[in-house]
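Q: With the input below, show me the fold.
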Amino acid sequence: MQDYYTREQTNEYKRQELQRFANQHVVGKDQEAKESTVHMRQKQNIALITGDEERIYQDHLKKIEREKEVQLRNQKEAEENDFFHKQEVERVRLAAKRQIVTQNCQELKDLRRAIVNAEASKANHETIQIHKDQIQVEREVEKVQTLEDLKLAAEIERQLKIKEIARAEKMHEELYNGMLFDAAEKQRLADEFRQEELNLEKKMVSEAIAEAMAFRQQQIDQYNTKVVKATTERREFEQQRQQLKANQLKLEQEELYRINQYQKEQDQRDKKRKEMQQFRQLAFDDLLNKIATQLKQREDKINKMQALRIEIQEFLEGEKLKEREAAELMQRARIQQDLIQAMHNQQAERAGKEAEYREYEEFHKNQVIAAYRHSQELEAKAERERRQMVADYREQMDKQLELQREQRMQEEAEIRLFEKKMASEGELDDEAKQMIADERARIIRECATKVFDYMNQGQLTEEDLSIMPEDIQAKIKEIRTERKLTQAGVGAKEMQYISSSIVPNNQKVVETKQKVEEMKRKYDCALPW
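A: Coordinates of the predicted model:
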């Protein structure tokens, strides 16, 4: 037991030291992050804060807040673990004390012995009752002369056999439990104490491993976050450059599409104009033919004038058509020249933007590489400091454990002297007395209520009788009342049992006789075993 308390104290001290070291490490990382931020700002010497820098600064502030929350949460968990550990140590101490007190208490030993004797008396009484019932059955069978008596004997035999089986099973179970009560109780208490000790050790080991794994996983997650961030920024830059190239290609395709579309529309307009001219010419010729047909009788002068007018009209229309075609050709050439000039301007603008973007890309890449190199240097520095802190902590722990070992040996010597003093004086404190009272009440509720009828008078106190069930308390009142009436000269009434008769058949009578003979051979004495 003292070794267990020693291990508990050692494990508690180790856990507190590990928690203190983890808190110091978190605070150190926070300070390093602040110093690294100031150093980077001074080194870059940037006058204007861009959007990316503002976002990085806000993320850094959020990270610091999260680390503070983690530190507070770790401190709170440490306080809760201390509280639960103290409760567990107190529970183990009470369990060990209860086991020692209940095993060494003479009062509880006498009560258990009385219950075991009562259970044995109950088993003997039931065995004797079974034997008496068997003898009664044999007598009843011997007196059977008629079929009605044989049927009655068979029915009684069947009922007694059922009762015998039930009583035998109950008697065997209760007798076995009574004989092994003390041994089972001691084994149960020892197993509970051993299991609690093992569970506590496993819990402390698992907590220490979980804390170490959590700290290592936190470092790995921080490194992975930095790598993923750099990779993500590089991927975003590649995506933006690909998107810019795709936009340039799309603009060139749109320009070519507009030029081709304009050429197609111009060809369609030329085709429609020629078709309209042919249509007008054909319609005009048809009209002239009709007029010539209708005016055959007109004079030749009118025909000559009409032909001359037609020639003049055609000449004028041809001139107008040539003018329109020349104007359209000039407009088309001017539009094509404007498109070519706009395309050259766009190409020059894209070249300037590409140069600016490449310059910005190179500047951003240098910033990311410098930040990553600085973070690697900080991590290496923190790792060296952590190793030095672990070495110092290990040396300090060795010294502290040596001091604790000496104090523990002194405390164990004082505890052994105190135990010897208590064993010699035989005095119990209030807590031990309460444990004895609780154990006595439990034994009475679980065991004494089953064998109350077979316990001797004076083995239970009035306090024990007061915690009995209501039916047993009512039975106690009836016994006391009957005892008073008997002392006063009042007799009890006798009850007569009249069984009904049923007419059996010949086969049932034969089976009944065979069972009776078998029971005679089986039970030769009052005790079946």
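Q: show me where the protein has strands.
A: Applying DSSP state E to the chain gives no strands.
Q: So which residue is dead centre in it?
A: A centroid search over the chain (C-alpha atoms, centre = their mean) returns residue 210, at 15.7 Å, as the residue closest to the centre.
Q: could you measure it against residue 281, distance?
A: When C-beta to C-beta, to the nearest Å is applied, the distance between residue 210 and residue 281 equals 101 Å. C-beta: built from backbone N, CA, C; applies to glycine.
Q: Likewise for residue 406?
A: To residue 281, residue 406 is 130 Å away according to C-beta to C-beta.
Q: can you count the residues close to the nearest residue to residue 192 once chain neighbours are set aside?
A: Among residues not flanking residue 192 along the chain, residue 95 sits closest, at 6.8 Å (C-beta to C-beta, 6 or more residues apart in numbering). Residue 95 is flanked by 15 other residues according to other C-beta atoms under 10 Å.
Q: Residue 190 is in contact with residue 95, correct?
A: No: with contact defined as C-beta atoms under 8 Å, residue 95 does not reach residue 190; the gap is 10.7 Å.
Q: re earlier: pull the contacting residues for the residue nearest to residue 192.
A: The neighbours of residue 95, taking C-beta atoms under 8 Å, 6 or more residues apart in numbering as the test, are 192, 193, 196.
Q: Just the buried residues from the residues you listed, in PyMOL please.
A: Burial among those is assessed by 16 or more other C-beta atoms under 10 Å; the matching PyMOL selection reads:
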select buried, resi 193+196
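Q: Which one of the contacts of residue 95 is nearest to residue 410?
A: Sorting the contacts of residue 95 by how near they are to residue 410, with C-beta to C-beta, puts residue 193 at the top with 25.5 Å.
Q: Surely the closest one touches residue 99?
A: Yes: Residue 193 is in contact with residue 99 according to C-beta under 8 Å; the separation is 6.2 Å.
Q: so what's in contact with residue 95 and residue 190 at the same time?
A: Taking C-beta under 8 Å, 6+ apart as the contact rule, residue 95 and residue 190 have no neighbour in common.
Q: thinking again about what came up before, output the contacts of residue 95 as a markdown table; include the columns pLDDT and distance to residue 124.
A: Rendered in a markdown table, the data for these read as follows (pLDDT from 0 to 100; distance: C-beta to C-beta, whole Å):
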| residue | pLDDT | distance to residue 124 |
| --- | --- | --- |
| 192 | 77 | 33 |
| 193 | 73 | 36 |
| 196 | 76 | 40 |
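Q: Out of the contacts of residue 95, which sit inside helices?
A: For these, membership in helices holds for 192, 193, 196, with DSSP state H as the criterion.
Q: ok, these vs residue 62, which is closest?
A: Checking those one by one against residue 62 (C-beta to C-beta), the nearest turns out to be residue 196, at 44.3 Å.
Q: tell me the contacts of the closest one?
A: The neighbours of residue 196, taking C-beta under 8 Å, 6+ apart as the test, are 91, 92, 95.
Q: any idea how far it is from residue 92?
A: Counting by C-beta to C-beta, the gap between residue 196 and residue 92 amounts to 6 Å.
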